[in-house]
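Engineer: sequence isn't available, so here's the structure alone:
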C-alpha cells in the first residue's frame, strides 16, 4: 500500500536503511528480547524490497526487458547465500558473530550512496499528479477477485517452500544424512547457489530475447517458471536415493531449476498488475509466498522427527514443486495487463 501511494524510490531507501541498522543492532543485542526485536525490525525493513522492485520495473521497464532486470535482482538474491556459505562462517569463526553482524549492517549503508545518485528520476515533475492517481489504485479485494492473483500467490508459496527447504535443510541433510564435512557442505551449497544465480541471469536474458523474437509473454514467462519447478520436482528426490557423488549433482540441478523458475516469477506479476497495482499485488503475493516458506522448515523437521527418514521430507518437497509447476502453467491466465475497474468503469475485469 505504501509503495503504491508514496514515492517508491524513497520507500526503498528507507526500507534498506532500517534493514541495515537492524542488522548492525543484532550484533549489539545483549538479551534474547533485544535480539528478537532487532530481527523483527529487520523484517520490517526487508519487506519493502520486492513491492518496490515490482513498482520500479513495472513503471520504467517494457515487457521485453523485465526478464533480465528481474533476473539481475534474483542473481543478487541467490549470490547472498553463496557468499554467506563461502565466507560468512570463516569470518564469524575468526571475529565472532557479533562483529560480523555489526560490520555487515554498517557497511551495507554504503549502498545508499549510489542509490541516491542513480535512483529513478524520470517523471519527478509529475510526482504530485502521479500520487493523486495512485490513491485510486486497485484495492486488495479487487486484486483478489482475479484468478491470476490467486494463481501467482499459490505458485510463489510453492517456490518459497522449495527455496526455504533448500536453504535451511539441504545443508543439514548433507552433513547429517550424507556425512559431508562442513567444508564439503559449504563447497557444494556455495557452488549450487552460484549456479542458481547464473542460471537465473541467463534465463532472464533468454526470456527477453524470446519475446523480442515474437513469442508471447504468456508462453515465455510461464514456460520458464513451470519448467523450473518441474525440474526441481524431478531432481529433489534423487538427492536422497543417489550415491554421494550423484547426490552432489542432484543438489546442483535442484539449484539450477530454482534459478530457472525464479528468473521470471516477478515479471509475471509486474505485467499483470501494471504500474498502478504492482506494489500492492506484490505485497499480497509475497505475504502468501512467505507463508509457504515458513511452513517448509517446520514441516520438514516434524516429518523427520516422526519418521526418522529424510526421504519423506524430500518427497513432500517434490510434490509441492510439482504443484508449483502446475500453478504457473494452468492456474494463472494470460500474462497481459489487467484492465482494472477504475480504468474501465464500463468493462469487466480481466485476468
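Structural biologist: Structure received. Since the model is a prediction, treat every value here as computed from it, not as a measurement.

Engineer: show me the domain layout of this protein.
Structural biologist: Structural domains annotated on the chain: 1-115, 139-336, as defined by the TED database.

Engineer: would you turn those into a markdown table with distance to residue 121?
Structural biologist: All C-beta spots, glycine's among them, are computed from the backbone N, C-alpha and C. Formatted as a markdown table, the domains of the chain follow (distance: least, Cβ to Cβ, whole Å):
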| stretch | distance to residue 121 |
| --- | --- |
| domain 1-115 | 8 |
| domain 139-336 | 16 |
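
Engineer: redo the ones you listed as JSON lines? Include mean pLDDT.
Structural biologist: Converted to JSON lines, the domains of the chain look like this (pLDDT from 0 to 100):
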{"stretch": "domain 1-115", "mean pLDDT": "90"}
{"stretch": "domain 139-336", "mean pLDDT": "95"}
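
Engineer: give me whichever of those is most buried.
Structural biologist: With neighbours taken as mean count of other Cβ atoms under 10 Å, the domains of the chain reach their highest mean count in domain 139-336, at a mean of 20.

Engineer: okay, how far is it across that one, tip to tip?
Structural biologist: As for domain 139-336, its first-to-last residue distance stands at 19 Å under the measure Cα to Cα, to the nearest Å.

Engineer: what's the answer for stretch 105-120, then?
Structural biologist: 25 Å.

Engineer: which outside residues touch that stretch?
Structural biologist: Judged by Cβ atoms under 8 Å, 6 or more residues apart in numbering, the contacts made with stretch 105-120 from elsewhere in the structure are 8-9, 12-13, 16-17, 19-27, 56, 59-60.

Engineer: could you redo the last one with a cut-off of 7 Å?
Structural biologist: The set of residues external to stretch 105-120 that reach it, using Cβ atoms under 7 Å, 6 or more residues apart in numbering, is 9, 13, 16-17, 20-21, 23-24, 56, 60.

Engineer: restricted to strands, list those residues.
Structural biologist: Secondary structure of the contacts of stretch 105-120 is defined by DSSP state E; no position falls in strands.

Engineer: the residue lying closest to residue 292 once chain neighbours are set aside is in what secondary structure piece?
Structural biologist: Closest residue to residue 292 apart from its sequence neighbours, by Cβ to Cβ, 6 or more residues apart in numbering: residue 157 at 3.0 Å. According to DSSP states H and E, residue 157 maps onto helix 147-168.

Engineer: tell me the contacts of the residue nearest to residue 292?
Structural biologist: Residue 157 makes contact with 288-289, 291-292, according to Cβ under 7 Å, 6+ apart.

Engineer: in a markdown table: these, plus distance to residue 250 and secondary structure.
Structural biologist: Formatted as a markdown table, the contacts of residue 157 follow (distance: Cβ to Cβ, whole Å; DSSP: H, G, I helix; E, B strand; the rest coil):
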| residue | distance to residue 250 | secondary structure |
| --- | --- | --- |
| 288 | 29 | helix |
| 289 | 25 | helix |
| 291 | 27 | helix |
| 292 | 22 | helix |
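
Engineer: got those as a markdown table, with distance to residue 249 columns?
Structural biologist: A markdown table is the format used below for the contacts of residue 157 (distance: Cβ to Cβ, whole Å):
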| residue | distance to residue 249 |
| --- | --- |
| 288 | 33 |
| 289 | 28 |
| 291 | 32 |
| 292 | 27 |
